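1. need a structure here:
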Amino acid sequence: MDSELIISGIGISRSVVATIVSMAVEHVEGVASVGENAIASGLISVFTAKPVSNEPAVESEVIDNKLAISVRLSVFYGYPFTSLAEDVRAAVVTAVNSQMGVDVHSVDVYIDNLVFPKE
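-> Numbering: from 1, shown residues only. Coordinates of the predicted model:
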């Protein structure tokens, strides 16, 4: 997999896309973490003993000169998945459009972990 995406003649690093997406999604209510990072893993460990997924948190590719994005999440218990996924998609589209000026083809949301409060 190449580390750079070419959209409308502009090269954009996949890590830049991942950073923009992660920052946008972390602010969505109900999202515990995007992929695995030290701070989020620590927060999740406060609430549960489940490990965080080792899959890439954000993947991206170009389809029809638009950006297709996949994002893997851990979410807090009590948030309806369909509503949460809609909020995540909206946050990603808004962030990508405003930060990169690129149209979004699709946003696939994968919920890898459900975080329950410790009892």
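2. so where do the helices sit in the protein?
-> Using DSSP state H, the helices of the chain run over 14-25, 38-47, 81-100.
3. and among these, the most buried is which?
-> Highest mean neighbour count among these (mean count of other Cβ atoms under 10 Å): helix 14-25, with a mean of 19. Where C-beta positions appear, they are placed from N, C-alpha and C, glycine not excepted.
4. how many neighbours does the nearest residue to residue 72 once chain neighbours are set aside have?
-> Leaving out its chain neighbours, the residue that sits closest to residue 72 by Cβ to Cβ, 6 or more residues apart in numbering is residue 110, at 4.6 Å. Residues contacting residue 110 under the criterion other Cβ atoms under 10 Å number 13.
5. might you report the residue contacts of residue 110?
-> With contacts defined as Cβ atoms under 8 Å, 6 or more residues apart in numbering, the neighbours of residue 110 are 55, 70, 71, 72, 73.
6. leaving out chain neighbours, which residue sits closest to residue 23?
-> Per Cβ to Cβ, 6+ apart, closest to residue 23 is residue 95, 7.2 Å.
7. and residue 3, by the same measure?
-> residue 14 (5.5 Å).
8. correct me, but the one you found touches residue 57?
-> No: with contact defined as Cβ atoms under 8 Å, residue 14 does not reach residue 57; the gap is 11.4 Å.
9. can you spell out which residues form a bridge with the residue minimising distance to the centre of the chain?
-> The residue lying closest to the centre of the chain (Cα atoms, centre = their mean) is residue 71, at 3.6 Å. Bridge pairing for residue 71 (DSSP bridges) gives the partners residue 58, residue 109.
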